[in-house]
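# Model the following, please.
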Amino acid sequence: MTFTTRFAPSPTGHLHLGHAFSAWTAFRAACEADGRFLLRLEDIDTVRCKREFDDVIYDDLLWLGLDWELPVRRQSEHFDDYETVLQHLRGLGVVYRCFKTRREILEDIARAPHHAGEGADGLIYRGPAEPLSSDEEAERLSAGEPYAWRLSQARCREVLGERFGAMHFLEDGKGEIAADPDPLGDVILARKDVGTSYHIAVVHDDALQGITHVIRGEDLFAMTPLHVLLQTLLNLPTPVYRHHRLLTDAKGQRFAKRNKAATLKSMREAGASPEDIRARFAGPSVT
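Numbering: from 1, shown residues only. Predicted coordinates for the structure are as follows:
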């Protein structure tokens, strides 16, 4: 099987130094393995993602010394694919409509302190104490209330049986790791107005594009058990994962798109060369 990896930015702004490091890490891994490197635009957020950033991303990556296979997959062109995945999960009975607001969930957590509260990746919800009746659900749908499709971990355990506890993934350099999605709670997989989420789209597209190695920042390590769970439910292959370190600035903070001084565009305009940028990938942090 040919080594295949990808870089999948969201076109919500200019690429920063952290993006450049992640893209370069994946690209070099593909080159060293005589494999394939793909570029994917994760633009399911049709409000924040702008077409104007596409060409800037292409220009930055080409300038840095990367090349990739064509065509580039744009997720916003494939919502039907992700809807099919959601329908399959509905057919398995592992997702449910959740009408609760963030405030209501926080109030539920306060009344049940054994539940997790705010996690590193946002609000962790363990599911309703009692499932919504079909009559109440129909009434709230008729009223046009907003809702989210959540993945029920309890139902996943029932559907998968022993397979649930046996899930694992291979982390490059660390070996086999148990995939326990329980700390994440009942995550949101789609909303009424947006029929997919990063989780559905990334799992579907990695399988569709034959990704054998997912190389991404260590900030996404905690999401990997959830992705393995979705792969198991959907009978998709689980790639090898490699979660690389995150570049930080002189204050120890991660680079972000709001930090305009750290964008590749700004550094190019200030006279930096591709070699200058790549040299900054060597150390544990960037000053």
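# show me where the stretch 101-250 of the chain has strands.
118-119, 122-123, 148-151, 168-171, 175-178, 188-191, 213-217, 240-244 (DSSP state E, counting those that start in this stretch).
# which one of those strands lies closest to D80?
Proximity to D80 (Cβ to Cβ) singles out strand 188-191 among those, at 13.1 Å. Where you see a C-beta, it was placed from the backbone N, CA and C, and this is true even at glycine.
# re earlier: turn the strands of the stretch 101-250 of the chain into CSV, columns for mean pLDDT.
Output for these, formatted as CSV (pLDDT from 0 to 100):
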stretch, mean pLDDT
strand 118-119, 38
strand 122-123, 66
strand 148-151, 94
strand 168-171, 97
strand 175-178, 97
strand 188-191, 92
strand 213-217, 97
strand 240-244, 97
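# what's the average pLDDT for the lengthiest helix in the chain?
When every helix of the chain is counted residue by residue (DSSP state H), the longest turns out to be helix 17-32. Helix 17-32 carries an average pLDDT of 95.
# Point out the other helices and strands that the very next helix or strand once past it packs with.
Next along the chain after helix 17-32, taking DSSP states H and E as the criterion, comes strand 36-41. Strand 36-41 sits against strand 4-7, helix 17-32, helix 52-64, strand 73-74, with contacts defined as 3 or more Cβ pairs under 8 Å, 6 or more residues apart in numbering; DSSP states H and E.
# between the ones you listed, which one is nearest to L247?
helix 17-32 (4.9 Å).
# I'd like the distance from the closest one to the chain centre, please.
Offset of helix 17-32 from its chain centre (Cα atoms, centre = their mean, to the nearest Å): 17 Å.
# then it to CSV, C-alphas only?
Extracted as CSV, the C-alpha positions of helix 17-32 are listed here (Å, rounded to 0.1, in the frame of the first residue of the first chain):
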residue,chain,number,x,y,z
LEU,A,17,4.0,29.5,10.8
GLY,A,18,2.3,26.6,12.6
HIS,A,19,0.4,25.6,9.4
ALA,A,20,3.6,25.8,7.4
PHE,A,21,5.3,23.4,9.9
SER,A,22,2.5,20.9,9.7
ALA,A,23,2.3,21.0,5.9
TRP,A,24,6.1,20.7,5.6
THR,A,25,6.2,17.8,8.1
ALA,A,26,3.6,15.8,6.1
PHE,A,27,5.1,16.7,2.7
ARG,A,28,8.6,15.6,3.8
ALA,A,29,7.2,12.3,5.3
ALA,A,30,5.6,11.5,1.9
CYS,A,31,8.8,12.4,0.0
GLU,A,32,10.9,10.2,2.3
